[in-house]
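Novice: no FASTA, just this:
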C-alpha cells in the first residue's frame, strides 16, 4: 500500500514511523509511507499555507491552492495547474482522507475498509480549519473522537497505525486479528501469562486445563461480560 501524509509539521512523524509495527510494515515492503510538507506546494517566497477567513473570525485557515495542488500531484497527475478533478474521478482503490472533528467517528470497521485501498492520502488539518473547497476531492472525513486537537497529525498517526497492522503480511500472526477487541462488536477477553500466581492473584484454572472447548467458552463469556460493563452500545450492534 502506498501512503502519503500531507502536513505542515512533517517532523512530528519521524519517531512514529521509525518504531514498532509501522517500521516493520515498511521494512517488509508492505507499505511505502511518505510524509509530505504542504509548504512544498505553495507558490510565494514565504511559502504561505494559511490565511484569514472570509467573513471575519479568529484564527487562520489552510489555503485551497496548496492543498489542491498537493493532492492532485500525489494522485499522480502531472499537469497540476490545469487539471480539474473531483472526488467522483478518484480511483476506487484510492482514498483521500481528511482528519477533522467534523468527520465520521473512526472505528475498526473503517480501519478494515481503508486497509483494502492501494493508495491513501492523509490530509492533516491545522489552525482553525481548512478551505471548504478541498472537500471536492476528499473521499473520507474521519474524526478519532468528540474532542478538539491542535491539528490532524496525531489523529493521522492513530488511523495510520490501525490501518497498517491490518494489511496482509504485516503482523507475524495474522490469526491474532480475529480475537482482538471490536471484532464481532465485542471487547477482547482477559489475557494472562507467567507466573501462575502474583501477589495472591491467580490465573483462572480453566486457562491451565488444556481443554480448548472450555477455554473458548470462558473467553466468549469474558468478552460479553466486559463489553456489557463498559461498552453496552456495542451489544446493540450485534
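Specialist: That came through fine. Source: prediction; values computed, not measured.
Novice: State whether residue 99 is indeed within a helix.
Specialist: No - Residue 99: not assigned to a helix; according to DSSP: H, G, I helix; E, B strand; the rest coil it is strand.
Novice: wait, it sits on residue 122?
Specialist: Yes - using C-beta atoms under 8 Å, residue 99 is in contact with residue 122, at 6.6 Å. In short, each C-beta sits where N, CA and C put it, glycine included.
Novice: dump the residue contacts of the residue sitting nearest the centre point of the chain.
Specialist: Centroid-nearest residue in the chain, with C-alpha atoms, centre = their mean: residue 159, separated by 1.1 Å. Residues near residue 159 by C-beta atoms under 8 Å, 6 or more residues apart in numbering: 97, 99, 106, 111, 114, 122, 142, 144.
Novice: Which one of these is nearest to residue 187?
Specialist: residue 111 (15.9 Å; C-beta to C-beta).
Novice: Ramachandran angles for the residue nearest to that closest one when sequence neighbours are not counted?
Specialist: Distance criterion C-beta to C-beta, 6 or more residues apart in numbering; nearest residue to residue 111, sequence neighbours excluded, is residue 162 at 4.3 Å. When read as degrees, to the nearest 10, the backbone of residue 162 gives phi -60, psi -40.
Novice: Test for you: state the pLDDT assigned to residue 162.
Specialist: On the pLDDT scale, residue 162 is placed at 97.
Novice: What separation do you get for it and residue 65?
Specialist: 31 Å (C-beta to C-beta, to the nearest Å).
Novice: what ranges do the strands span in the protein?
Specialist: 2-7, 32-37, 50-51, 61-62, 94-105, 119-124, 140-143, 197-198, 201-202 (DSSP state E).
Novice: wait, which of the ones you listed is closest to residue 230?
Specialist: Nearest of the strands of the chain to residue 230, taken as C-beta to C-beta: strand 94-105 at 17.1 Å.
Novice: List the buried residues in the closest one.
Specialist: Buried residues in strand 94-105, counted by 16 or more other C-beta atoms under 10 Å: 94-101, 103.
Novice: Reformat these as JSON lines; add distance to residue 55 and pLDDT.
Specialist: Below are the buried residues of strand 94-105 laid out as JSON lines (distance: C-beta to C-beta, whole Å; pLDDT from 0 to 100):
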{"residue": "94", "distance to residue 55": "33", "pLDDT": "95"}
{"residue": "95", "distance to residue 55": "31", "pLDDT": "97"}
{"residue": "96", "distance to residue 55": "27", "pLDDT": "97"}
{"residue": "97", "distance to residue 55": "27", "pLDDT": "98"}
{"residue": "98", "distance to residue 55": "22", "pLDDT": "97"}
{"residue": "99", "distance to residue 55": "24", "pLDDT": "97"}
{"residue": "100", "distance to residue 55": "20", "pLDDT": "93"}
{"residue": "101", "distance to residue 55": "20", "pLDDT": "91"}
{"residue": "103", "distance to residue 55": "23", "pLDDT": "94"}
